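>>> Using only what follows, build the 3D model:
(chains A and B)
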Amino acid sequence: MSKIKPSKGAPYARILGVGGYRPTRVVPNEVILEKIDSSDEWIRSRSGIETRHWASPEETVAAMSVEASGKAIADAGIDAGQIGAVVVSTVSHFSQTPAVATEIADRLGTNKAAAFDISAGCAGFGYGLTLAKGMIVEGSAEYVLVIGVERLSDLTDLEDRATAFLFGDGAGAVVVGPSQEPAIGPTVWGSEGDKAQTIKQTVSWDRFRTGDLSELPLDSAGNVKFPAITQEGQAVFRWAVFEMAKVAQQALDAAGISPGDLDVFIPHQANVRIIDSMVKTLKLPEHVTVARDIRTTGNTSAASIPLAMERLLATGEAKSGDTALVIGFGAGLVYAATVVTLP
Amino acid sequence: MAATQEEIVAGLAEIVNEIAGIPVEDVQLDKSFTDDLDVDSLSMVEVVVAAEERFDVKIPDEDVKNLKTVGDATDYILKHQG
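Alright, predicted model coming up:
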């Protein structure tokens, strides 16, 4: 039997740089209220959201990703040519083939980096980060670009008063690279497919292929509604707060970090009520900085954690070297939590 | 030992006070969580989870929507407590 030479990776991996892109158009609750019977006060009290960003036709999934990635690459202090792999998590890129990651890798000027998309909903950033860490430690890439990007405004039913206000658009990216010290803890992740119906797309795309649109929901103008994201609010809230608090605690335990050691908490920005309730359930000490980027960004699924991370670092609420707990959770249901050193 | 109706109401009053800041004396059997006690649908989930722990009872998501008043919740817990 011939002996195969093994690959040689770095001892550990770390996040070296972060970047974000928020679409130019800021949408206040007043605009949402044009199509639903609700109030600014109701939206704020149920979600914490005051404004969100919606992408223009030019702010495509690829274009937003390139902008965010350029910032992350500059922040990491590397050259795009050094990137060995590009991992994109998205549920709102409407061309399934080819993966949008290849276009992004090309536009960034990488040297034919491996590039692929993953579908892990609001846990996508943690899934991508885990893949990146594995590639770096295993040796198949020295630097990996992980991007979370969404245009959830395209998947929002603006006439559904339970979700119309919730979603936003944007891209967040990190460069992950080699480290001599552990800077990304063990990932606690998983899926609960038995709860798949709690967050889902209203209609499958292939319903449009059959041409039988007779039983599909219509909008107020009488047109068949585009597929949108819908959820069972109370069931998702219970799972997100109480089950995900357990997962977050497991990630802390796995990393050997006590709540007192923690500087920053960056949960997926799903709803400020979920964030507040998680903080309470986890009994996080007062000194821990908690990301509440959702107030002005809305829920941007896979993009929410890197976007919130970038903002905390930009405003000085968090600093390079801080220890942060990150947890993503959402449609699947899927989740991923880990402890990282901030870039 | 199973809790009595009086103990359940008192327990719910403490929970609602903790979560929504409503005075314990306002939490009476005939009070609606949403209309009288300012407990919205998300806070109701927190109330339910706290009640599950306190009274050793499981309240599935599909049953939560039927618990409109403190009396509904009390009856449910009386019937299902372990």
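
>>> any idea how far the residue of chain B found nearest chain A is from residue A:332?
For chain B and chain A, the shortest gap (CB to the nearest CB) falls at residue B:61, measuring 4.3 Å. To be clear about C-beta, it is placed using only N, CA and C from the backbone, and glycine gets the same treatment. Applying CB to CB, to the nearest Å, the value for residue B:61 to residue A:332 is 17 Å.

>>> Compare the two and say which is more crowded by neighbours.
A direct count of neighbours by other CB atoms under 10 Å in any protein chain shown for residue B:61 and residue A:332 places residue A:332 higher, at 20 against 17.

>>> The residue lying closest to that one once chain neighbours are set aside - how many residues pack around it?
Counting by CB to CB, 6 or more residues apart in numbering or on different chains, the nearest residue to residue A:332 once its immediate chain neighbours are dropped is residue A:191, at 5.1 Å. Using other CB under 10 Å, the number of residues around residue A:191 comes to 14.

>>> what sits opposite residue A:191 in the beta ladder?
residue A:334 (DSSP bridges).

>>> host element of the nearest residue to the residue of chain B closest to chain A once chain neighbours are set aside?
Among residues not flanking residue B:61 along the chain, residue A:235 sits closest, at 4.3 Å (CB to CB, 6+ apart). Assigned by DSSP states H and E, residue A:235 belongs to helix A:233-238.

>>> right, and the helix or strand after that helix?
helix A:244-255.

>>> what's in contact with that next one?
For helix A:244-255, contacts defined as CB atoms under 8 Å, 6 or more residues apart in numbering or on different chains pick out A:185-188, A:190, A:258-259, A:262, A:267, A:278, A:281-282, A:325, A:327, A:329, A:335, A:337-339.

>>> Tell me, please, the helix or strand in chain A that averages the lowest pLDDT.
helix A:206-210 (a mean of 79; mean pLDDT, DSSP states H and E).

>>> and residue A:306, how many neighbours does it have?
30.

>>> Flag every residue of chain A that's near chain B.
A:45-46, A:232-235, A:237-238, A:241-242, A:271, A:273, A:277 (CB under 8 Å from any CB of the partner chain).

>>> what about stretch A:35-49, distance to the chain center?
The chain centroid and the centroid of stretch A:35-49 are separated by 23 Å under CA atoms, centre = their mean, to the nearest Å.

>>> what about residue A:65, helix or strand, and which?
Assigned by DSSP H and E, residue A:65 falls in helix A:61-76.

>>> CA atoms only for that helix - export them in CSV, please.
Only the C-alpha atoms of helix A:61-76 are listed here, as CSV (Å, rounded to 0.1, in the frame of the first residue of the first chain):
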residue,chain,number,x,y,z
VAL,A,61,-26.1,39.3,-2.9
ALA,A,62,-22.8,39.2,-4.8
ALA,A,63,-22.3,43.0,-4.7
MET,A,64,-23.0,43.3,-1.0
SER,A,65,-20.7,40.4,-0.3
VAL,A,66,-17.8,41.9,-2.3
GLU,A,67,-18.1,45.1,-0.4
ALA,A,68,-18.2,43.4,3.0
SER,A,69,-15.4,41.1,2.1
GLY,A,70,-13.1,43.9,0.8
LYS,A,71,-13.4,45.5,4.2
ALA,A,72,-12.7,42.2,6.0
ILE,A,73,-9.7,41.5,3.9
ALA,A,74,-8.3,45.0,4.5
ASP,A,75,-9.0,44.6,8.2
ALA,A,76,-7.1,41.3,8.2
